[in-house]
Structure formats: C-alpha cells, structure tokens
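*Asks:* just to be clear, the model below is a prediction. Sequence and coordinates:
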Amino acid sequence: MAEPLLDIRGLKTWFKTDDGMVRAVDGVDLHIDRGETLGVVGESGCGKTVTARSVLKLIDMPPGRFEAGQILWQGRDLIPLSMDEMDKIRAKEIAIIFQEPMTSLNPVYTVGDQIAEVIALHQKLSRKQAIAGAAEMLRLVDIPNPERRVHDYPHQFSGGMRQRVMIAMALSCQPKLLIADEPTTALDVTIQAQILELMQEMKERFGMAIMLITHAMGVVAETCQRVTVMYAGNVVEEASVEALFGDPRHPYTQGLIRSIPRVDRSAEKKQRLEAIAGTVPNLLDPPLGCRFAARCKFAMDVCTQGLPPLKEVGPGHYVRCVL
Amino acid sequence: MSAPVASRAAGTAPDAAKPLLSVRDLRKHFAIRGGILSRVVDKVHAVDGVSFDIKAGETLGVVGESGCGKSTTGRCILRLIEPSSGEVWFQDADVMKMDRNALQAMRRDMQIIFQDPYASLNPRLTIGAIIGEALIIHKLVKSRQAMEDRVVQLLETVGLRPDHMRRFPHEFSGGQRQRIGIARALAVEPKLLICDEPVSALDVSIQAQVINLLEDLQEQFGLTYLFIAHDLSVVEHISTRIAVMYLGRVVEIAPAAELYDTPLHPYSEALLSAVPIPDPTIKRKRIMLQGDVPNPIRPPSGCHFHTRCPIAKPDCATRVPELRESKPGHWVSCHYRG
C-alpha cells in the first residue's frame, strides 16, 4: 500500500491548566491519502480542532504540549521540527482555513497584499507580479471584479466572500493538503453550498487532499470519502462515508446520525429525535474506560475497566467498542 | 390572512377559529445616523411588511438566512423592539396600543427564549433567583417557600435537579442553560413561547434533547410556539406550518410537509436544496444561488429576490409581488409561481 500523505499515530496533545492536565487529544490515529477528502467529525471539545492545529504546530506551547505520538508528513515526523523548518511546510505543503475568516485576515492590509505575501513565499516575484497573481487567485475562487477587489480590505467583503479569499490564499502555493476547520459553520446555508462546491472544484483542479473538520454530518455525507469520528479526545470510529452512514457501529456514531432531524424525510410521519442523554465528560479527569460509557445505552461493566482498542470490523472500517 | 383585522374589535368573545396571534404588515426600520448632527442618513428595512397568524397549540416556524428579519420580527411582537408600523393582535388585544402595565401583563402570556444561553442568564444570580424573579414580578407566589417549591417543580419539568437551584449559570453546560431559560419562560405559565434560535448554539446530540423537551412541554401544557431558526431541518421537524423570510418579507407560508414536498417560491426551493442530507446514497440536484444576500439598507426594487432568482423576468424588478393564497393554506409571494 502506498504511503499515506499524512499519518497521525497515537497523538496526544495535552494542555496544562491551573486545574490540572486537560487531555484534549488523547491517542488519535488517523491518516489521509493523496487526493482524498477525510471528514473529522465530533462535537465541541472532542479534540478535532486541536488535532488539526497540532498538524501545523499551531498550538501555543506552553500551555500545550505533545505528550506522545507522531505526525508523519510523507513519512517524516513533524513533531521534532523547528519553527523554521515548519515554516517551509506551512502554506506550501499544508494550508489551513478557519471557521471565522474575519479573524484570520489582517484588517489593516488589503486582501491582495495578504495573498501576494503567501505567493512571494514560494516564487521570486515583483510586487506587481505578486498582486497580479493574487488577482488571478481571486478570479479562480469566483470573486467578481478581481482586479478591483484585490485592493479592498477584508471588512469590505461579506462572510462568504471572505471565506473565498481565505481559500484563495490557502491555495496560492498549491498545497498538497488543505485543512479546513469548520469552513462553513459561520455561513448561511445557501452560501455554505457555494463554498463546499468551490472546495470540490479546487480539489479537482489542484489534486490536493482535504481534511474537513466539522460537526455537521450532512456536510460530511456530501463531501467526504472517508470519515473519522472523534469523541472526548479519542477516535471512536473510522470508515468510508458509505459504511459510516449505512452501517454505523459505534453507539456514539449511531446516536449522532439519529439525533439529526432530516429534511428529506418529511413524507414519513415525524419521528421523535433520538437524543443522546447526558453531556461530554470532563477531559481534566477523563473516565478510565470507554469515554462514551456514561452516555451509552449498551454500556456494560467491562466498558469502564479499560479503553477498548480500535478493531477492524470491515475493510477499512474501525470501531473502538467492545460490542 | 383569514379574517380582516379591522372587523375584529378588542374584547369580543374568544372564538376557536380565531388565531392566538395575528401580525399584520409589521415593519421595523432602523435609522442609520451619520455626520456631525447625527442626522438620519439611511434606514435598514429589517422587517418590511410581515403578516401571519398563529393558531393556539400550533408551532409556526420562521426560517431564513442572516439578516432576513426573523429575530427582529419575534422581538417586535413582544415590543422588546418597538415596531415602526403594523399591527400585532394577541388574544384579541391590540399589542401596539398597550401601555406599560398592559404590556407587562401581556408578557405573562407571551414569553421568549433566546439563542445564547450564555448571554441571557444573569451571571450573578443563582438559578433559583433567575427563575423566581418572574414569579415575583408577576406576583404568582405568596411566600418564599411557595417560590422555592415552584422553582423545584419547574427545574424537574425541564429535566434538571432541585439542588441546581443554588448554583450559578457558569456551572452549567450550554444545553443545561437552555433548559434554565425554558424553565424561566415557563414559570409564568405562558400561552405563547417565542423561541429565537433556541438550539443553534448547541451540539447536535444536545440539540435533540432540547427539541424533544420543547415538544414534550407543548403537549403537556398546550403551548403555542413561534419557532425562529435558520436550520431548515430543525424547523421542519418541529413546526406545524412554516413561514420563509427573505430580506424582511415573508415569501412563502405553508404547512411544514407541503413546504418541503412542493415549495412554490424559488427562494424556498433553493434554500431547501442547499441543506446537506446526512446520507451519502442520496444525490440531489442542487439549485445554486449566485451571489450574496443584498444589503438591507438598499434592498432590490420590486421582488427583493429578483437579483438572485433563477426564474426572474424583467418585471420582477419593478412590481412587488403580493403574498397570495395559491392553494388552501399555502401562501406565496411570486409573480410566476403558484
């Protein structure tokens, strides 16, 4: 089998706080192959964003620290790299876009200057050429009048347009992997549809892989090939998108899928939503066994005794559950 | 939309067919001030002529994207924001003509819960004090003991424990805080509950808990809901009827199932097709809307939607479509549909 583009093994990213150690990411394994879209799903505090930021080492240390594990980028571990070495990887090989584009754009520079700065990292160009390159990127992400808009400031763009600017900036060095952290969560549904379509087009054009971090199961079903489900700092299930939605095996995944109201099922009589009782455990002092046990309707004594391993239940389908 | 409002005099006998709440041509224009004299330089047409009825016991969902005026509509009904013009009739009383005392009495029957359970609870008060405040304001309890008993009862109704009464809001999770907001609203035994994006800030598994709770409470207490949300799947799930808003106007009102099966307005159709379905085996044709929602300071002329509408014709830019009944109970505001 070909070497994965990104292979995260046993990653533990912990944070030291006044109350003790928060085990935000506590033994995560996941991989992304070239050109594929991997969805990483889970609810607030499951560690999906910390995992993504760990890949680019965008975690403040301290309070954060890598407790264990490896982040293999094309076979090379990123964890021991210095900040200078990481700078060669950031943007050029792995780019990231965030949920709130306004906070990731600098308000006092034009969007053209900001995109040109990224382009200049990678090619020797005059300022004029770099700005022309920035305008070309804006055209690529379907921003109307790119030659004029390149001189505008971030506040002059709407939320959806700002996310397009972020995508233009992220893609300007043609990275091999785009990490998209909740890229459409702050957007309206019609704008979300536009941005998801744009990401799909860009992926096909540049042949890059995407790590899509989201809490929205609908977005995953429509855009990803494979999915990793996270809960309280652990991976609980990994599968192809068809297997995950067709035959979810972990009780948490099952609950997550059944708790969403479905627009396409209006003909059937409305069913009561299947809520998952209780709340997410505190990661300061996570439960000893399966972290979902306290909310799981199938929980047995064995569940609280030790963390079950990820076991293969079908080709490429892994579940962390004793059942 | 049914009986003309003019014929309905205040104080007439209640009638089963009559709506609990009627909103007629409601408008709210926010002034934008500028210059050294702070003169009004422009207006935001947040709510631009909204009309609908809610019958007792039903849930009317109001759905639309950011800036469509759905939250402002909810607040104008309670007069938390003073409307610029229009009529609001609640239990046959003219809300717009009420003085302070009458308004306060009316708000016992009409309560609101908000999106952000972090911002809508006073961080310095215990849960008992937050819920008890409403009981005191409306003089619903005679003694401290009676108040505590009632608070305990309310906490249990929304699935919290009696000992939570002595705790402060920061000790609760988002879902629990939303339950506290609901308990506070229920304290005064309202008839109508305006729910303004009540589950948008919650994780999906918690969202389902709160939706189920709202459904149970409706059944238990015969509540009527005005349910405002941007998430179409949530609105579809909980609503009897749905109103779709775009740039301050209602573009379509229909029974929930009918709106989802046969949307008439091109905007409703596009909005529905944009909702991602959590099932990879379903491949749908998506109607992709071009561009962004226009600026509500200068909304497009004629039909507000014509700049993004896939079926727009030249006269859509000049003629404002009326909301008219296309099929019984199914209203649409489009020149070319329905």
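*Replies:* Yes, it's here.
*Asks:* CA atoms for contacts and neighbours, from now on please.
*Replies:* Fine.
*Asks:* do you know how far the nearest residue to B:Pro266 once chain neighbours are set aside is from chain A?
*Replies:* Nearest residue to B:Pro266 in three dimensions, chain neighbours excluded: B:Cys309, at 6.7 Å (CA to CA, 6 or more residues apart in numbering or on different chains). B:Cys309 sits 13 Å away from chain A, going by CA to the nearest CA, to the nearest Å.
*Asks:* can you read off the pLDDT for B:Cys309?
*Replies:* At B:Cys309, the model reports a pLDDT of 94.
*Asks:* kindly report the same for A:Lys269.
*Replies:* Model confidence at A:Lys269 (pLDDT) stands at 55.
*Asks:* which strands or helices does the host helix or strand of B:Met245 pack on?
*Replies:* Here B:Met245 sits within strand B:241-246, counting by DSSP states H and E. Counting contacts by 3 or more CA pairs under 8 Å, 6 or more residues apart in numbering or on different chains; DSSP states H and E, strand B:241-246 packs against strand B:59-63, strand B:249-255, helix B:256-261.
*Asks:* tell me which of these lies nearest to chain A.
*Replies:* helix B:256-261 (5.6 Å; CA to the nearest CA).
*Asks:* the closest one - contacts with which helices or strands?
*Replies:* Using 3+ CA pairs under 8 Å, 6+ apart: helix B:256-261 touches helix B:232-238, strand B:241-246.
*Asks:* angle of the following helix or strand past that helix against strand B:59-63?
*Replies:* Downstream of helix B:256-261, the next assigned helix or strand under DSSP H and E is helix B:266-274. If you take axes from the mean of the first three to the mean of the last three CA atoms, to 10 degrees, helix B:266-274 sits at 90 degrees to strand B:59-63.
*Asks:* just give me how far helix B:266-274 sits from the chain centre.
*Replies:* 20 Å (CA atoms, centre = their mean, to the nearest Å).
*Asks:* need the contact partners of that helix.
*Replies:* A:189-190, A:192-193, A:263, B:232, B:244, B:251-252, B:260, B:263, B:284-289, B:305, B:309-311, B:337 (CA atoms under 8 Å, 6 or more residues apart in numbering or on different chains).
*Asks:* of those residues, select the buried ones using a PyMOL command.
*Replies:* Selecting only the buried entries of the contacts of helix B:266-274 in PyMOL, with 16 or more other CA atoms under 10 Å in any protein chain shown as the criterion:
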select buried, (chain A and resi 189+190+192+193+263) or (chain B and resi 232+244+251+252+260+263+287+288+289+305+309)
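*Asks:* looking at the contacts of helix B:266-274, which are in helices?
*Replies:* A:189-190, A:192-193, B:232, B:260 (DSSP state H).
*Asks:* list phi and psi for the closest residue to chain A within the stretch 1-150 of chain B.
*Replies:* Residue of the stretch 1-150 of chain B nearest chain A, by CA to the nearest CA: B:Glu65 (5.8 Å). As for B:Glu65, its main-chain torsions (degrees, to the nearest 10) stand at phi -90, psi 170.
*Asks:* what helix or strand does the residue most central in space within chain B sit in?
*Replies:* Taking CA atoms, centre = their mean, the centroid of chain B lies closest to B:Ile228, which sits 3.5 Å from it. Assigned by DSSP H and E, B:Ile228 falls within strand B:224-229.
*Asks:* how far does that strand sit from the chain's center?
*Replies:* 5 Å.
*Asks:* now for it, which elements pack on it?
*Replies:* Packed next to strand B:224-229, using 3+ CA pairs under 8 Å, 6+ apart, are strand B:59-63, helix B:70-77, strand B:192-196, helix B:232-238.
*Asks:* which of the ones you listed comes out lowest on mean pLDDT?
*Replies:* helix B:232-238 (a mean of 92).
*Asks:* what about it, near chain A?
*Replies:* Yes. Using CA under 8 Å from any CA of the partner chain, helix B:232-238 reaches chain A at B:232-234, B:236-237.
*Asks:* what's that helix in contact with?
*Replies:* By CA under 8 Å, 6+ apart, helix B:232-238 touches A:261-263, A:266, A:270, B:59, B:61-63, B:211, B:215, B:227-229, B:242, B:256-257, B:260, B:272, B:275.
*Asks:* for A:Val219, which of the helices and strands packed on strand B:224-229 is the nearest?
*Replies:* helix B:232-238 (13.3 Å; CA to CA).
*Asks:* may I have that closest one as PDB, with CA atoms only?
*Replies:* Output of helix B:232-238 as PDB, limited to C-alpha atoms (Å, rounded to 0.1, in the frame of the first residue of the first chain):
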ATOM      1  CA  LEU B 232     -34.300  24.200   8.000                       C
ATOM      2  CA  SER B 233     -34.100  20.600   9.200                       C
ATOM      3  CA  VAL B 234     -34.900  21.700  12.800                       C
ATOM      4  CA  VAL B 235     -37.700  23.900  11.700                       C
ATOM      5  CA  GLU B 236     -39.200  21.200   9.500                       C
ATOM      6  CA  HIS B 237     -39.100  18.800  12.400                       C
ATOM      7  CA  ILE B 238     -40.800  20.900  15.000                       C
END
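*Asks:* how distant is that helix from the center of its chain?
*Replies:* The answer for helix B:232-238 is 13 Å, by CA atoms, centre = their mean.
*Asks:* could you pull up phi and psi at the closest residue to A:His31 other than its chain neighbours?
*Replies:* Distances taken as CA to CA, 6+ apart place A:Asp7 nearest to A:His31, at 4.3 Å, with adjacent residues excluded. Note on A:Asp7: its backbone torsions stand at phi -130, psi 110 [degrees, to the nearest 10].
*Asks:* and A:Asp7, how far from chain B?
*Replies:* From A:Asp7 over to chain B (counting by CA to the nearest CA), the distance is 25 Å.
*Asks:* count of neighbours near A:Lys128?
*Replies:* Neighbour count of A:Lys128, defined by other CA atoms under 10 Å in any protein chain shown: 10.
*Asks:* meant to ask about B:Gln111
*Replies:* Residues lying near B:Gln111 (other CA under 10 Å) number 22.
*Asks:* circling back to that earlier point, residue contacts, the residue nearest to B:Pro266?
*Replies:* B:266-267, B:289.
*Asks:* identify, from those residues, the entry nearest to chain A.
*Replies:* B:Leu289 (6.6 Å).
*Asks:* was I right about that closest one contacting B:Arg308?
*Replies:* Yes. Counting by CA atoms under 8 Å, B:Leu289 does reach B:Arg308; the two are 6.2 Å apart.
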